[in-house]
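Trainee: Sharing a sequence plus its predicted fold:
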Amino acid sequence: MKLASWNVNSLKVRLPQVLEWLARQNPDVVCLQETKLENDKFPALELEAAGYRCVWSGQKTYNGVAILSRRALATLATEMPAFADEQKRVISASIGEGADAIRVICVYVPNGQAVGTDKYEYKLRWLAALRAWLEQELRSAPRLAVLGDYNIAPADEDVHDPEAWRDRVLCSVPEREAFKKLLGVGLKDAFRLFAREEKSFTWWDYRTNGFKRNFGLRIDHILLGQGLATECRACVIDLEPRRAERPSDHAPIMAELEA
DNA sequence: ATGTCTCAGGGACTGAGA
């Protein structure tokens, strides 16, 4: 089974690329972030025609998340417990039935804008709520996968120029501590389970010709509960969509699970 | 490199967010 996550930066603009990518990679489950679509604008028919059932939670202009699945899926939540939030940043679903069923959570963690701003404080509060939620989820659903744009580069090796990014948003110590606490509830960073090429990233700034120079960050992650981590055979970043005309600023990341 | 992309409001551009 192939699980994937992709921040598409507008599903309206990116739909043709998403359909092309689904046909090429044939993932079983896909978590999308930054759909930027109100719920009644979600392109469910086009995605169903491509063989995917979908659940989504969106809003006008900003944010918005969705889960696509080849198999039947059911929405479990579109908010974190005990965290009132107008911003549509999470959706969870159960996929499959019986002993091999999995629970998938799609997250779009706040960007945080800059260290010390209100948006940064919101990001840290949001991450604390996420940690509490995941801890609770793992108790009832150990076969858990949490995919998305975390807007955190966990370590210096996830940054093209660590000194330039030192203590800046996406790389600051409190954000990295919050990420470690997510792992601490019993999750593995799938990308870290395998030997990695140096300078493997999932996001490159549009502004600085960042992709061509590989000035990127690894901020999109697939976290797996222990059971799924044991079944994980590979985790790769697909650079091809970032080479397209009018690409998203993010590339998809994919994990291959046994069976 | 206040470097680009996307969206909304409003009908050309500006501002927000990333």
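Mentor: Here it is on my side, so go on. These numbers were taken from a predicted model, which means no experiment stands behind them. Numbering: from 1, shown residues only, chains lettered A, B, ... in the order given.

Trainee: Name the residue closest to the centre of chain A, please.
Mentor: residue A:148 (0.9 Å; C-alpha atoms, centre = their mean).

Trainee: All the strands of the stretch 1-150 of chain A, in order from the start?
Mentor: Under the criterion DSSP state E, counting those that start in this stretch, the stretch 1-150 of chain A contains strands at A:2-7, A:29-33, A:53-57, A:65-69, A:73-77, A:90-95, A:102-108, A:144-149.

Trainee: returning to what we had before: if we ignore the residues flanking it in sequence, what's nearest the residue nearest to the centre of chain A?
Mentor: With sequence-adjacent residues excluded and distances taken as C-beta to C-beta, 6 or more residues apart in numbering, residue A:148 is closest to residue A:107, at 3.7 Å. C-beta here means a position set from N, CA and C on the backbone, and glycine is covered the same way.

Trainee: which residues touch the one you found?
Mentor: Contacts were defined as C-beta atoms under 8 Å, 6 or more residues apart in numbering; by that measure residue A:107 touches A:33, A:65, A:89-90, A:130, A:146-150.

Trainee: Greatest separation within those: which pair is it?
Mentor: The span of these, defined through C-beta to C-beta, is set by A:33 and A:130 at 13.9 Å.

Trainee: Which positions in chain A make contact with DNA strand B?
Mentor: Proximity of chain A to DNA strand B (C-beta under 7 Å from any atom of the strand) is limited to residues A:9-10, A:12-14, A:36, A:60-62, A:110-111, A:113, A:119, A:206-209, A:246.

Trainee: which of these are buried?
Mentor: Buried residues within the residues of chain A next to DNA strand B, counting neighbours by 16 or more other C-beta atoms under 10 Å: A:9, A:14, A:36, A:110.

Trainee: Let me have these in a markdown table, adding pLDDT as columns.
Mentor: Formatted as a markdown table, those follow (pLDDT from 0 to 100):
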| residue | pLDDT |
| --- | --- |
| A:9 | 98 |
| A:14 | 98 |
| A:36 | 98 |
| A:110 | 98 |
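
Trainee: And the furthest pair within those?
Mentor: A:14 and A:110 (21.0 Å).

Trainee: burial count for residue A:176?
Mentor: A count of nearby residues for residue A:176, using other C-beta atoms under 10 Å, gives 17.

Trainee: in what helix or strand does it lie?
Mentor: Using DSSP states H and E, residue A:176 falls within helix A:173-184.

Trainee: Mind checking what helix or strand follows that helix in sequence?
Mentor: Next along the chain after helix A:173-184, taking DSSP H and E as the criterion, comes strand A:187-189.

Trainee: For that next one, enumerate the helices and strands it packs against.
Mentor: If you count contacts as 3 or more C-beta pairs under 8 Å, 6 or more residues apart in numbering; DSSP states H and E, strand A:187-189 packs onto strand A:220-225, helix A:226-231.
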